[in-house]
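Participant: sequence first, predicted coordinates after that:
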Amino acid sequence: MSEIINFLGSNIQMLYIVILSIFVGVEVIGKVPAVLHTPLMSGANAIHGVVIIGAIIVMLNTDSSNILALSLGFVAVVLGTLNVVGGFVVTDRMLEMFKKKK
């Protein structure tokens with residue numbers, strides 16, 4: 001427990017930045033009109049490709065005996081992949097709504 005308190009104490013500026021970015025993100029997304037939510041969310045989901053690449057790089061640089069890091073990396077790859085695929089499915093579905101019916 002004291003390690004966590006020491007870590008938070010030494011990185012308090014980063015903690016402030018994370019908290020402020022959460023508030024800014026909520027405010028920005030909250031002001032987006034409902035019409036733009038679908039393309040905004042599908043674009044944001046597609047950005048998770050960066051998460052997938054980062055997780056793979058972390059897994060490649062991790063010692064093979066570190067099961068926790070490898071497990072977390074695997075979960076990050078799986079969830080990031082699901083998010084990317086979901087973003088493209090939502091985008092495809094949205095584009096289908098704008099096509100003229102025959």
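Facilitator: Received, thanks.
Participant: quick one: neighbours of Ser64, just the number.
Facilitator: Neighbours of Ser64 under the rule other C-beta atoms under 10 Å: 6. In this view, the C-beta of every residue, glycine as well, is placed from N, C-alpha and C.
Participant: checking it next. Helix, strand or coil?
Facilitator: For Ser64, the assignment made with DSSP: H, G, I helix; E, B strand; the rest coil gives coil.
Participant: can you give me the helices in the chain?
Facilitator: Along the chain, counting by DSSP state H, helices occupy 2-10, 12-30, 37-46, 49-60, 67-98.
Participant: I'd say Val84 and Ile53 touch.
Facilitator: No. Val84 lies out of contact with Ile53 (C-beta atoms under 8 Å); the separation is 11.0 Å.
Participant: and these two? Which one has more around it.
Facilitator: Higher neighbour count among Val84 and Ile53: Val84, with 19 against 12, using other C-beta under 10 Å.
Participant: just give the closest residue to the more buried one, not the sequence neighbours.
Facilitator: Excluding the flanking residues, the one nearest Val84 by C-beta to C-beta, 6 or more residues apart in numbering is His48, at 5.2 Å.
Participant: low-confidence regions, this protein specifically.
Facilitator: Within the chain, the stretches with pLDDT under 70 are 34-35, 37-39, 41-43, 46.
Participant: redo that, cut-off 50
Facilitator: Along the chain, segments meeting pLDDT under 50 are nowhere present.
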